[in-house]
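the sequence isn't on hand, but the structure is:
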């Protein structure tokens, strides 16, 4: 019985890890599609940071690292709906977390 419970726990952990990774991929794709739909194709999504429970909730806070030319920014985005299981996902911009500018000096 103990071995069965352990095996079940390992399988559940592997399934959740796969869902966690796939959630990040689906959320990135949804964000990139929204940027393209608004004509912001020059903005590149660098990173996503979301909570451990984001893949099992219908609303999640996601920190999106973006890059535009020499500037980098981190945006707070609220994902409403589930990017993996929902047909409709709504993204809301909560605010700007950080903005970094790199200035190149030509010589």
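Yes, it's here. These numbers were taken from a predicted model, which means no experiment stands behind them.

going forward, measure contacts and count neighbours with C-alpha atoms only.
Noted.

in contact with the most centrally placed residue in the chain, which residues?
Here the mean C-alpha position of the chain is nearest to the C-alpha of residue 48 (Cα atoms, centre = their mean), at a distance of 4.0 Å. Contact analysis of residue 48 by Cα atoms under 8 Å, 6 or more residues apart in numbering lists 24, 28, 62-65.

and the helix or strand harbouring it, which residues are buried?
Remark: residue 48 resides in strand 44-50, with elements defined by DSSP states H and E. Of the residues in strand 44-50, those buried by neighbour count under the rule 16 or more other Cα atoms under 10 Å are 45, 48, 50.

quick one: the first one from residue 85, how far?
Same thing as residue 45. Per Cα to Cα, to the nearest Å, residue 45 is found 22 Å from residue 85.

hang on, residue 90 packs against residue 77?
No. With contacts counted by Cα atoms under 8 Å, residue 90 stays clear of residue 77, the gap being 10.0 Å.

so for those two, which sits in the more crowded spot?
residue 77 (20 against 14; other Cα atoms under 10 Å).

who does that one bridge with?
Beta-bridge pairing of residue 77, defined through DSSP bridges, involves residue 62, residue 93.

enumerate every residue touching it.
61-64, 91-95.

neighbour-wise, which one of those leads?
Scoring the contacts of residue 77 on neighbours with other Cα under 10 Å, the highest-scoring entry is residue 62 at 24 neighbours.
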